[in-house]
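Peer 1: Coordinates for the following, if possible.
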Amino acid sequence: MVHIKICGMCSIQDIQCVNEVKVDYAGFVFASGKHQISINEAKNLIPHLNHSKSVGVFVNEQVDEIAHIANTIHLDVIQLHGEESQKDIQYLKENTPCEVWKAIRLHTLKDYQLFHELHPDCFLVDSFDRSSYGGTGKRIKKELLASLDLSDKILAGGINTQNVHEILSYHPYMIDVSSGVETNGSKDIQKIRKLISEVKK
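Peer 2: Numbers count the residues shown, from 1 in each chain. The predicted model follows:
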């Protein structure tokens, strides 16, 4: 079955939702945005995860600070969502026990070249937005998705219960969902259950 990451954990209620359905990964956003949480908040939430591995999402943060946070709150995965380099990726691999994922915001096929320049543990393919590094709810153009081999990549960008069936037709290794399973800014257990049901089909 396709792996699932639910991102934007902000409360104990969100944690309870992912615990109930046993998703593979739960994301904690340390970058600016509506899902941003503090280190102390994450430190208090992560121990309540029963099944999911913890993913810390960072955008253009100093790598020594990322390593400090990851080691302090015992993250399982570091997700880099900015303009980070291979040197940054290597530093984090050497200074934390975490997997390192790198997001590529796909605007044109030329962006695909970045896949060959960087060597993280896994790539996350997200939609492109000039004003934001992620979490926009925008979909990636279908013609771009159709041209990529996503079998070993994480797919993000506007995924919800209504379009997940189509998203799965691109055969991603993992899907990353955030606002698509929310109601009024909080994770909605009914939407998460429906998403899981669609994936299991």
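Peer 1: Report the beta-bridge partner residues of Cys122.
Peer 2: Beta bridges link Cys122 to Trp101 when assigned by DSSP bridges.
Peer 1: hang on, isn't it packed against Cys98?
Peer 2: No. Contact between Cys122 and Cys98 fails when scored by C-beta atoms under 8 Å: they sit 11.7 Å apart. In short, each C-beta sits where N, CA and C put it, glycine included.
Peer 1: Go ahead and name everything in contact with the one helix or strand Glu166 maps to.
Peer 2: Per DSSP states H and E, Glu166 falls inside helix 164-168. By C-beta atoms under 8 Å, 6 or more residues apart in numbering, the list of residues contacting helix 164-168 from outside reads 2, 155, 159, 175, 177, 195, 198-199, 201.
Peer 1: Now with 7 Å, please.
Peer 2: The set of residues that contact helix 164-168 without belonging to it, under C-beta atoms under 7 Å, 6 or more residues apart in numbering, is 2, 155, 159, 175, 195, 198-199.
Peer 1: What residues of that helix count as buried?
Peer 2: In terms of neighbour count (16 or more other C-beta atoms under 10 Å), helix 164-168 has its buried residues at 164, 167-168.
Peer 1: Same list, those residues, but as CSV with pLDDT and distance to Ile140 please.
Peer 2: CSV is the format used below for those (pLDDT from 0 to 100; distance: C-beta to C-beta, whole Å):
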residue, pLDDT, distance to Ile140
Val164, 93, 14
Ile167, 93, 10
Leu168, 94, 14
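Peer 1: show me what contacts the closest residue to Ala26 other than its chain neighbours?
Peer 2: Excluding the flanking residues, the one nearest Ala26 by C-beta to C-beta, 6 or more residues apart in numbering is Ser52, at 4.0 Å. Contact criterion C-beta under 7 Å, 6+ apart gives 18, 23-26 as the residues in contact with Ser52.
Peer 1: next one: Leu155
Peer 2: Listed by C-beta under 7 Å, 6+ apart, the contact partners of Leu155 are 125, 167, 170, 172, 175-176.
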